[in-house]
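Next one to model:
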Amino acid sequence: MTFALSTPITGTAQTGFTAPTYTLVADNPPANNAKQWAVTALGGTQTGVVAHSVAAPFTVSQFKPQNLQVLKPLNAVSGQLDKVPTNVYKTITRKGVLPLAGQAYRNMVITTIIELPAGADTADAANVRAGLSAHFGALSQQSAGLGDAVIQGLI
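Coordinates of the predicted model:
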């Protein structure tokens with residue numbers, strides 16, 4: 001798998017944060033088709049934020065399909081594909097958050113799922129990459145806006 005985070009990672013803009021960075025250490029992944037990193041140190045100004053601990057996890061995990069799917073031969077009668085299987089990739093970030101001061105941490109889970117039709121990786125790689133580029137560019141551009149939205153409940 002070529003998904004390999006280098007440490008530290010630079011966080012994107014968030015209201016109240018200045019130049020956030022996250023120092024990573026490789027962690028044991030939850031499955032054999034995954035990689036995982038834990039955030040062990042914070043940089044920049046992030047008042048109130050805590051790094052990874054047992055009580056308040058802060059991890060990033062990348063999953064690939066257990067069994068990669070490929071296209072089956074075309075239907076002999078119609079000349080069309082009968083079924084196009086999908087390969088699913090997931091990135092999951094877990095962050096321990098306090099639901100109320102003085103209470104135990106609970107996990108916030110952030111998941112990005114990529115459902116790639118088998119064959120598109122070779123037949124249309126440029127458009128696959130363009131879709132990913134736009135998706136992550138939009139999330140990066142609107143990082144602070146998403147942060148504000150989940151805090152205020154407004155989009």
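
ok, the residue most central in space within the chain to Ser61 distance?
Taking C-alpha atoms, centre = their mean, the centroid of the chain lies closest to Thr91, which sits 3.0 Å from it. Shown here: Thr91 relative to Ser61, a distance of 7 Å by C-beta to C-beta, to the nearest Å. Bear in mind the C-beta positions are built from the backbone N, C-alpha and C, glycine included.

before we move on, the earlier item: so the residue nearest to the centre of the chain, which of the three states?
Taking DSSP: H, G, I helix; E, B strand; the rest coil as the rule, one finds Thr91 in the strand state.

ok, and the closest residue in space to it that isn't next to it in sequence, which helix or strand is that part of?
Among residues not flanking Thr91 along the chain, Thr112 sits closest, at 4.7 Å (C-beta to C-beta, 6 or more residues apart in numbering). Using DSSP states H and E, Thr112 falls within strand 106-117.

other SSEs contacting that strand?
Counting contacts by 3 or more C-beta pairs under 8 Å, 6 or more residues apart in numbering; DSSP states H and E, strand 106-117 packs against strand 86-97, helix 125-141.

which outside residues touch stretch 140-153?
Contacting residues not belonging to stretch 140-153 are listed as 11-15, 139, 154-155 [C-beta atoms under 8 Å, 6 or more residues apart in numbering].

Sorry, wrong one. I was asking about stretch 62-78.
So stretch 62-78 is contacted by 1, 3, 31, 33-36, 80-92, 118-119 (C-beta under 8 Å, 6+ apart).

Stretch 61-77: which residues count as buried?
Buried residues in stretch 61-77, counted by 16 or more other C-beta atoms under 10 Å: 61-63, 69.
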